[in-house]
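1. next input, structure requested:
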Amino acid sequence: MSSHNSGTSPAAVDYCRLWDEQHARSAAQKEKMGEGRGAFWSDQGVVDRFVQNVIAGDPSRMEKQIAEMQIPPGSSVLDIGAGPGTLAVPLSRAGCSVTTVEPSEPMGIAMERYRRMMHAPPIREIRKCWEDVTPEEAGVHDVVVASRSLIMGDIRNSLLKMDAAAKKSVHLYWFLTPPSASGGNEELWPILHGEPYCSEANADILWNCLCQLGIYANIFVETKDKSQHYSSFSEMQEDYYNRMSVAEEWQKHIVDAFLLDRAVREESGYVIPGVSRTAHIWWEK
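-> Numbers count the residues shown, from 1 in each chain. Predicted coordinates:
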């Protein structure tokens, strides 16, 4: 069972500062490449591909994730970084009153389309980044969820605001091994851009941030398939050129060689195999 203290215990390492510094490096690299705050997830092609993977994916994975959070029907849920409603829509269908925080307009449009397709009840939306949401806007809910959406700075206040918004429990899902590792970012980025790839801080830092804030959370680690699926080789090229900020022909040749080496041809298209270790971190109030 987790425990929760209101004070902040002294720590030999300032994990919140470590998180914020790594986030700042990652954000600065994205900004330099023209992918400022939220630009990647506001790209319509990226959103369409993400939604396609959600709809075509294994529904039992989402059902399992919702079941392990043990959220009873009738609960009010705040879903931070909801994307196209991956969790919000099934939770709404299951009888929960759902509020989402999602800054991307294309993601919001996709969620509404997904909600209608699944005949789910209406979902309240807050079109902002979590850092910009006031406690009054967020409100107080039975459960707060942030699933693979912790690309945020000022982690100390971000986490404390999540804790304050929850009456019963908070559930965070984040990566122990970044998905970019299996996607080739760490391997390709230095060759393409002459500098190391700056990923976000991992779940071990996140858990230590919570301890630093006096929140002693439960943690469960799971190895998951993070293979990327594409309907055609050209779709795969477009995605990698976009994610790797590729503009020059010589860069495209490097990416193409990587894809030819790594991609697996399937009946439905192409797959870049990959796995990631994901942590479910949660605490009860």
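2. mind listing the helices for the stretch 51-200 of the chain?
-> Under the criterion DSSP state H, counting those that start in this stretch, the stretch 51-200 of the chain carries helices at the ranges 59-69, 88-93, 105-117, 135-138, 155-164, 179-183, 185-193.
3. next, count neighbours for Glu249.
-> 7 (other CB atoms under 10 Å). Using the backbone N, CA and C atoms, a C-beta is placed for each residue, glycine as well.
4. now Ser104
-> 23.
5. with Asp204 instead?
-> 14.
6. surely it is in a helix?
-> Yes: using DSSP: H, G, I helix; E, B strand; the rest coil, the assignment for Asp204 is a helix.
7. mind listing what it touches?
-> By CB atoms under 8 Å, 6 or more residues apart in numbering, the contact list for Asp204 reads 176, 279.
8. do the same with Asp79
-> Counted by CB under 8 Å, 6+ apart, Asp79 has contacts 87-88, 91, 98-101, 145-147.
9. by mean pLDDT, show me the worst of the helices of the stretch 51-200 of the chain.
-> Here the lowest mean pLDDT among these goes to helix 179-183, at a mean of 66.
10. mind checking how far Gln65 is from Met118?
-> 16 Å (CB to CB, to the nearest Å).
11. helix, strand, or coil at the residue nearest to His280 when sequence neighbours are not counted?
-> Nearest-residue entry for His280: Phe220, 4.6 Å, with adjacent residues in sequence omitted and distances by CB to CB, 6 or more residues apart in numbering. Put simply, Phe220 is strand when judged by three-state DSSP.
12. quick check, Phe220 in contact with Thr278.
-> No: with contact defined as CB atoms under 8 Å, Phe220 does not reach Thr278; the gap is 9.3 Å.
13. same drill for those two, tell me which one is more crowded.
-> The residue with more neighbours, out of Phe220 and Thr278, is Thr278; 21 against 11, by other CB under 10 Å.
14. got a list of what that one touches?
-> With CB under 8 Å, 6+ apart, Thr278 has these contacts: 148, 173-176, 203, 221-224.
15. ok so, going back, counting neighbours, go ahead and name the busier of Gln65 and Met118.
-> Legend: neighbour count by other CB under 10 Å for Gln65 and Met118, higher for Gln65 (19 against 13).
16. separation between that one and Trp189?
-> For Gln65, the distance to Trp189 - CB to CB - is 30 Å.
17. and of the contacts of Thr278, the nearest to Trp250?
-> Phe175 (31.0 Å; CB to CB).
18. how about low-confidence regions in this structure?
-> Along the chain, the parts satisfying pLDDT under 70 run over 1-11, 34-59, 179-182.
19. longest helix in this protein, by number of residues?
-> helix 15-32 (DSSP state H).
20. which strands and helices lie in contact with it?
-> Contacts defined by 3 or more CB pairs under 8 Å, 6 or more residues apart in numbering; DSSP states H and E place helix 15-32 against helix 155-164, helix 203-212.
21. quick one: closest of these to Pro273.
-> Using CB to CB, the nearest of those to Pro273 is helix 203-212, at 22.1 Å.
22. format the helices and strands packed on helix 15-32 as a markdown table; extra columns: distance to Ser231.
-> Putting the helices and strands packed on helix 15-32 into a markdown table (distance: least, CB to CB, whole Å) gives the following:
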| stretch | distance to Ser231 |
| --- | --- |
| helix 155-164 | 36 |
| helix 203-212 | 32 |
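23. nearest to Tyr15, of those?
-> Of all the helices and strands packed on helix 15-32, helix 203-212 comes closest under CB to CB, at 4.0 Å.
24. picking that back up, just the buried ones out of the contacts of Thr278, please.
-> Among those, the ones that count as buried by 16 or more other CB atoms under 10 Å are 148, 173-176, 203.
25. just the ones in strands from the residues you listed, please.
-> When the buried ones among the contacts of Thr278 are checked against strands (DSSP state E), the matches are 173-175.
26. make a markdown table out of these and add distance to Trp283.
-> Shown next, in a markdown table, are those (distance: CB to CB, whole Å):
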| residue | distance to Trp283 |
| --- | --- |
| Tyr173 | 14 |
| Trp174 | 14 |
| Phe175 | 19 |
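27. lovely, talk soon.
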